[in-house]
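Q: Sequence unavailable; structure follows:
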């Protein structure tokens, strides 16, 4: 297997160094391993950060964004992102019941969030080729046409990290390790 370098501010290229420094500031001095690996391609690293910021500013609430992220992470079986987003979701106040159900790929206790999970799963599985009935059901649950496209934005963000983590076999950072996850256990 090809090994990918985990860069630091000292070892990264001049293009990646400010991105690493910004990540460290955002994470209280820690450089997540995903970010250290992304430094191999500063443009991908920048795109990942920009998509994160854009999705965070989307029309979806904090809980809804975490439903989208974790649904996609579980579908893609991302050994890194499921624990990382479990940590972040709980930190952001998403209920344990919702997080546990998402990690297990089970029905959510909240009907609206379940409609979001189902729609996100369908968009991901079908690569956007969802039928009109699925969009109608999503809209009937109280979501908007804007929300439809914001789910696609969240998927775009997660494709980068999920695929990078699969290819680079990114190790899970210590703060996320207690939320270790694998698809067979789910």
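A: Looks like it arrived, so ask away. For clarity, every value in this text was computed on a predicted model and none was experimentally measured.
Q: what's the spacing between the residue nearest the centre of the chain and residue 3?
A: In the chain, the residue lying closest to the centroid (C-alpha atoms, centre = their mean) is residue 69, at 3.9 Å. Noted for residue 69: a distance of 27 Å to residue 3, by C-beta to C-beta, to the nearest Å. Backbone N, C-alpha and C define where each C-beta goes, glycine included.
Q: On the pLDDT front, check the residue nearest to the centre of the chain for me.
A: At residue 69 the predicted local distance difference test score is 98.
Q: Repeat that for residue 30.
A: Each residue has a pLDDT score; the one for residue 30 is 95.
Q: what's the answer for residue 184, then?
A: Residue 184 is assigned 76 on the pLDDT scale.
Q: So it: helix, strand or coil?
A: With DSSP: H, G, I helix; E, B strand; the rest coil as the basis, residue 184 sits in coil.
Q: Count the residues that sit near it.
A: 6 (other C-beta atoms under 10 Å).
Q: same thing with residue 125?
A: Other residues within reach of residue 125 by the criterion other C-beta under 10 Å amount to 11.
Q: Skip the chain neighbours and tell me the closest residue to residue 12.
A: residue 39 (4.6 Å; C-beta to C-beta, 6 or more residues apart in numbering).
Q: repeat for residue 46
A: Spatial nearest neighbour of residue 46, chain neighbours left out: residue 19 (6.2 Å); criterion: C-beta to C-beta, 6+ apart.
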